[in-house]
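1. Below are the sequence and a predicted model for it; my questions follow.
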Amino acid sequence: MSDRMELFFSKYATALDNGDAEALSDLSVRPMIFVSDETKRICHSHKEVVEVNSNLIAGLGGGGVVKHQPTVTQSMRLSDTVLFVSVRWEFFDTNDAKLFSCICSYTLQIENDDSVKVLVLVVDDEQKIITELMKQAQE
């Protein structure tokens, strides 16, 4: 399971690095739930997931982030098709200097075609940094 999660989050990071909200959204099911201290949003459509991911990408980019490096710190099977995964993200600028890091928790769904998709994303740690970056991008 670990290799599978590393591969999934490598794809996720590539979509973030490329600023590709569509590709990032394709890695989520509908409905998808996004949770932080300040935001609780259920996205029922692909368009809504793209909007949330576009705001996230814009916020991170507005904060100078160009590289996103995930490390899976915990994973556990909740059922045959549902997994819980904790990921430590490190965010870097154009000079490859680490700007900050945060922990995000994901509830993942294994689809019928054996693909992995995000069902719930919870920003656990240092969420105020990401939330603030997202707000700045929306202004």
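-> Right, received. Where do you want to start? Numbers count the residues shown, from 1 in each chain.
2. This structure: helices as residue ranges?
-> For the chain, applying DSSP state H gives helices covering 2-17, 21-25, 46-62, 127-138.
3. Which neighbouring elements make contact with the longest one?
-> On a contact count with 3 or more CB pairs under 8 Å, 6 or more residues apart in numbering; DSSP states H and E, helix 46-62 meets helix 21-25, strand 28-35, strand 40-43, helix 127-138. C-beta: built from backbone N, CA, C; applies to glycine.
4. Relative to the longest strand anywhere in the chain, what are the paired strands and their orientations?
-> Longest strand in the chain by number of residues (criterion: DSSP state E): strand 98-110. If you go by DSSP bridges, strand 98-110 pairs up with strand 82-92 (antiparallel), strand 116-123 (antiparallel).
5. now the angle between helix 46-62 and the first one, please.
-> Interaxial angle, strand 82-92 versus helix 46-62 (axes from the mean of the first three to the mean of the last three CA atoms, to 10 degrees): 30 degrees.
6. could you give me the average pLDDT of strand 82-92?
-> Across strand 82-92, pLDDT averages out at 95.
7. What's the per-residue pLDDT of Asp124 here?
-> Per-residue pLDDT puts Asp124 at 73.
8. Grab the nearest non-local neighbour of it.
-> Leaving out its chain neighbours, the residue that sits closest to Asp124 by CB to CB, 6 or more residues apart in numbering is Ile103, at 4.5 Å.
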